[in-house]
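# Quick one: sequence plus predicted model below, questions after.
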Amino acid sequence: MDEELHERMREAIRDVPPGQVSTYGDIAAMAGAPSPRMVGAMLAEDGHDLPWHRILRANGTPAPHIAHEQLARLRAEGVLADGQKVNLKKYRWQPEN
DNA sequence: ATCTTGACATGGA
DNA sequence: ATCCATGCCAAGA
């Protein structure tokens, strides 16, 4: 597969600051990934050393299998969730420039 | 080579 | 809110 893209996705995720979040789609767009699926696919095997908990789905909910852990980590950074949904309007990270 | 499964997104019913 | 269809594409089986 494309190592270039792989690395760009990792970078984009590393750039999301604590206390803020981003989405699979946003990361994919920033890294120039052909599909948001690639972001999840990458995290599944190579995401152990990344702030994967700052990545949410487009609607603000986390991926089901890790929801509990993810919300706990976010809560520890000050990102509060309404049930399973995080308020993206409020915490979504927009790279300025 | 074909099929299935996924840390997804979007739009329609 | 929920279900479905499509687009996307890497990995395995």
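Now that the structure is in, tell me what you want to look at.
# And the residue nearest the centre of chain A, how close does it get to DNA strand B?
Note on chain A: the residue nearest the mean C-alpha position is residue A:55, at 1.5 Å, using Cα atoms, centre = their mean. In this view, residue A:55 and DNA strand B are 6 Å apart by Cβ to the nearest atom of the strand, to the nearest Å. Any C-beta I mention is one placed from the backbone N, CA and C, and that applies to glycine too.
# what's near enough to touch residue A:8?
Contacts for residue A:8 (Cβ atoms under 8 Å, 6 or more residues apart in numbering) come out as A:30-33.
# so when I look at it, I'm seeing a strand, right?
No: going by DSSP: H, G, I helix; E, B strand; the rest coil, the assignment for residue A:8 is helix, not a strand.
# measure the residue of chain A found nearest DNA strand C to residue A:85 for me?
Using Cβ to the nearest atom of the strand, the closest approach of chain A to DNA strand C is made by residue A:34 at 3.0 Å. Distance of residue A:34 to residue A:85, computed by Cβ to Cβ, to the nearest Å: 27 Å.
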